[in-house]
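**Q** Everything below, folded, please.
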Amino acid sequence: MKNSLLVISLALGLSACNIDDRLQLASETKKSEQVHLSAQNTGLLIIDAQQGYVMDSDDFWVKIYYPQYQIPAQNVDPQLHASIDRIAQLAQKANDLNMPTTITYEAFNSEQGLEYTPYITRIAQALDENTQSFFKQTFNSTLEADIHAAMTAWSDAGISRVVVAGAETDVCVMQTVLGLKKMGFDVYLASDATFSTEIYERPTFKRLQQAGVKLAKASEIIESMESKDKLVYSPRYAVGQRDELYQGDRHKMAKINFNMDDASLAKAEHDNKPATEPRFTYLGSEQEFLFSYIPSFHVNKKGKAYTSKYRKSPNVVSYKKIDPVIADIKAAGKTQAVISGVVSQLGLYDAVYKLIEAGITPIILEDALLGSDVDPIHYLDYIYQLGAVPSTQKSHGYEMFVEIQLGDLTEEEIAAYYQMIELNEVVIPEVYPRLR
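**A** Model prediction:
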């Protein structure tokens, strides 16, 4: 009954605001289409399918560089190796059909030269001998000049569709897919042929669907490679589609923390509340040290103080309502607002609606958001249908950086980063306890 009343309240609010046309029902999402992903119009791009990202491998980068951290057993995706097998199947099918294929390696420069971990053997063995391979030092592959040129050459040759698989789902895959969309490609993500240390993948898939990416299982894609067939899309979410492609930019961002007082945090709803704590810990440290220059706001309807449990921006400004926050964000010339904390369903709806009306894109950190009336996972799709962007603390955090090894940060930011790390309070996102 409670959920029904909230839905009715939302519907009434939408009607009153004359924006009910923004809410797209699940039935409006395209379920399937007849398509032939042929060698003449389609290329396969496999991103960073390297041993270094396989969590149960001895080459897993966290085991090598952070041996002091214990990796929670429940964090390893039980479908991990099945996903890897499906990537290999896609590579083999592209090989059989002479479909153009490109792979990327994430690599970094060291005193020993370019360092990287090897490609997963069963994927490498399935690749065509003419497969193009590139090394990258950006999370979004399309920002690398040689990879961008290779994709442009595909486009010039009539390749308008790109099938994508690889790792990590919520970082390099997501950012590269959005980069391909920006280049004008029709992108098909093999939704069960990606893997990551974060197996809570719904926010990533919702965001990609919202951007117009087509999500389908590897078996469906393989059938459409073989002949013109009905390609059934999955998963599908009722999140609508944004008019503009959102890509995170820390220079355009403001931070909005809702009701981060002790009483609100204690009463907040969440189905795995302890798992949110390391995320709030990191966000607070990040705001205090690394990105203290980003405008930061605490919205607390009762005017209560920000908790002492988590760090916060030294420049945080507190308000009881969202309206003065929006005014300050606009005055600062920012166009993206990252949302976390404790907020009710209608409170979040009100804030998102007002931000969008003001030309500010709301980014929802699903794993750093607690409900004051119900677990937010149960209503967030309503928020996304208005135009808010789904994200997570890890996914958003990596999007704040353009290059690996802090390559795009200023000297001051790099110094602040190491100052933050030396606190020994920060647990890297790769070993956070699984959220859901």
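
**Q** where's S219, which helix or strand?
**A** Per DSSP states H and E, S219 falls inside helix 218-226.

**Q** Report the buried residues of that helix.
**A** Buried residues in helix 218-226, defined by neighbour count with 16 or more other Cβ atoms under 10 Å: A218, E220, I221, I222, E223, S224, M225. C-betas here are computed from N, CA, C, even on glycine.

**Q** Go through the residues you listed and name the one nearest G341.
**A** For the buried residues of helix 218-226, the minimum distance to G341 (Cβ to Cβ) is 37.7 Å, reached by A218.

**Q** sorry, back to before: I'd like the average pLDDT over the helix holding S219.
**A** For helix 218-226, mean pLDDT rounds to 96.

**Q** How far off centre is it?
**A** 25 Å (Cα atoms, centre = their mean, to the nearest Å).

**Q** model confidence over the next helix or strand after it, on average?
**A** Downstream of helix 218-226, the next assigned helix or strand under DSSP H and E is strand 229-232. Mean pLDDT, strand 229-232: 90.

**Q** circling back to that earlier point, in CSV: the buried residues of helix 218-226, plus distance to I326.
**A** Formatted as CSV, the buried residues of helix 218-226 follow (distance: Cβ to Cβ, whole Å):
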residue, distance to I326
A218, 43
E220, 43
I221, 42
I222, 48
E223, 48
S224, 45
M225, 48
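
**Q** any idea which of these is closest to R311?
**A** So of the buried residues of helix 218-226, ranked by how close each gets to R311 (Cβ to Cβ), first place is A218, at 42.3 Å.

**Q** Spit out the contact partners of the closest one.
**A** Neighbouring residues of A218 by Cβ atoms under 8 Å, 6 or more residues apart in numbering: R86, I87, Q89, L90, A165, A190, D192, A193.

**Q** so where's the protein shaky on pLDDT?
**A** For the chain, the stretches with pLDDT under 70 are 1-29, 436.

**Q** element containing the spatially closest residue to R122 that is not a sequence neighbour, please.
**A** Of all residues not flanking R122 in the chain, A88 sits nearest, at 4.7 Å (Cβ to Cβ, 6 or more residues apart in numbering). For A88, the host element (DSSP H and E) is helix 80-96.

**Q** Show me what the next helix or strand after that helix is in contact with.
**A** Once the chain leaves helix 80-96, the next helix or strand it forms, by DSSP H and E, is strand 101-106. Applying Cβ under 8 Å, 6+ apart, the external contacts of strand 101-106 come out as 43-50, 52, 91, 94-95, 116, 119, 127-128, 130-137, 141, 147, 150-151, 166, 172, 176, 404.

**Q** in the stretch 151-300 of the chain, which spans are strands?
**A** Using DSSP state E, counting those that start in this stretch, the strands of the stretch 151-300 of the chain run over residues 161-167, 186-195, 214-216, 229-232, 253-258, 296-299.

**Q** would you turn the ones you listed into a markdown table with mean neighbour count and distance to P314?
**A** Shown next, in a markdown table, are the strands of the stretch 151-300 of the chain (neighbours: other Cβ atoms under 10 Å; distance: least, Cβ to Cβ, whole Å):
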| stretch | mean neighbour count | distance to P314 |
| --- | --- | --- |
| strand 161-167 | 26 | 36 |
| strand 186-195 | 25 | 38 |
| strand 214-216 | 22 | 41 |
| strand 229-232 | 16 | 51 |
| strand 253-258 | 24 | 13 |
| strand 296-299 | 23 | 9 |
